[in-house]
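J.: one predicted model, sequence on top.
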Amino acid sequence: MLTTIISKTINYLNSSNKSEPLDLDAKLTKLWLNEYKYTPNTYTTYRVIILRFYIWIKYNSLTFIVLTKYHLLSYIDFLKAPDPSWCNIHRHKFSHPGWRPFQKPLSLKSIHRNLAVIKQMFMYLFHNGSLLLNPANLRVRLPNYIKYSKQNRYLTVNEFNLIIEYINNMPDSSSKLSESKIRLLWIFKLLFYTGCRRSEVVNASMSNVIFLDRRFWLQVCGKGNKVGNIPIVNELAIALDQYRDFYELPSMYNLSSLEANIPLIILNKINNQYYTMSASHLWFIVKSTCILASESITDDPTLSCKLKLVSPHWLRHSSATAQVDAGINLKVVQKNLRHSSIETTLQYQHLNDDFRYAETINKFKP
């Protein structure tokens, strides 16, 4: 029964024609998701959250209109411990027949996120008149979880260099190991020195490295399809040349306009055909590398635990923090990170209490 529901639902959501929906709930789900079709990363995230909720509803013979607080509380309990038949530890693409709604039970933080998105969908459907169910009737007390601020989710320059040192010490006795090693070095330096989101780098090609006004820039397309140019610092330029040299590509000073077919991060090269890496694969290798690096640290349990939590987005926070700490003007950091508001950039200022006290006492003299 579960496999049938999953298959039918995915086929309907993927359908671009005006085929008859499975039911009214499927039609309303697709209507809401289509609001995000021009922001693919948000669409992909919301689709998984809403799909697993829709499948749970159909599996339990429910509809949107009959939902109560009791049902939502039952769903929260389900998210904490989903049935094994709903899980697959392997990460499959959405359209893969082996795709399942879960890899493992969700953390309390993820449950919060899931419920917030579900509420957002109901608010949208209620306010546009598509659904008579008032989301206020579904308010429930969510389980508590520890909130980690952006200030805590970053690596210092020394911690970042520890990971680079760990990668440098990896074996390279075969061509496959050498390729993996040089790719890891490129990925970590690319994410740290540009502050890019993982979706931005996996969707970029070598032709996105541009020479403008006698300077090298990385041109990326970010949130809301906004295009931004990021300065390529010397350390990154060296890493790029080393990476290109491995694949027998010319120096970045001899970049060709015909390299649009060569990914910025090359997964592999077969018969002169280059294959790109998916965003989920990038997440996995960054995560797994940091976990392996953490296991090599035996004299600092706190640092070891911290490295186990690192994900690609940590490197974006790390880049912002390192730039601010280096004394780069906040407006410049904002432009480099493509923040729409300076308030977002300000979150990366970490003022030592001693420094803050001294600055106030010594300089605040009316």
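T.: Nice, thanks for sending it over. Residues are numbered from 1 along each chain as shown.
J.: tell me the spacing between Lys69 and Thr44.
T.: When Cβ to Cβ, to the nearest Å is applied, the distance between Lys69 and Thr44 equals 29 Å. Just so you know, the C-beta spots here come from the backbone N, C-alpha and C atoms, and that holds for glycine as well.
J.: mind listing what Asp229 touches?
T.: Let me fix one detail, which is that residue 229 is Asn and not Asp. If you count contacts by Cβ atoms under 8 Å, 6 or more residues apart in numbering, Asn229 has them with 210, 212, 217-219.
J.: hang on, Val332 in a strand?
T.: No - with DSSP: H, G, I helix; E, B strand; the rest coil as the criterion, Val332 is assigned helix and is not in a strand.
J.: please state the offset of the strand ranked longest in the chain from the chain centre?
T.: The strand spanning the most residues in the chain, taking DSSP state E as the definition, is strand 215-221. Strand 215-221 has its average C-alpha position 20 Å from the chain's average C-alpha position, going by Cα atoms, centre = their mean, to the nearest Å.
J.: where does the closest residue in space to Gln103 that isn't next to it in sequence sit: helix, strand or coil?
T.: Nearest residue to Gln103, sequence neighbours excluded (Cβ to Cβ, 6 or more residues apart in numbering): Ile89, at 5.6 Å. Three-state secondary structure (criterion: three-state DSSP) places Ile89 in coil.
J.: can you check Ile230 too?
T.: Reduced to three states with three-state DSSP, the structure at Ile230 is strand.
J.: what about it, neighbour count?
T.: Counted with other Cβ atoms under 10 Å, the neighbours of Ile230 add up to 22.
J.: ok, now which ones touch it?
T.: When contacts are counted by Cβ under 8 Å, 6+ apart, Ile230 touches 194-196, 217-220, 336.
J.: neighbour-wise, give me the winner out of these.
T.: Most crowded among those, counting by other Cβ under 10 Å, is Cys196 at 26 neighbours.
J.: where's the dip in pLDDT among the contacts of Asn229?
T.: Taking pLDDT as the measure, the contacts of Asn229 have their low point at Leu212 (84).
J.: please report how far that residue lies from Ile230.
T.: Taking Cβ to Cβ as the measure, Leu212 and Ile230 are separated by 12 Å.
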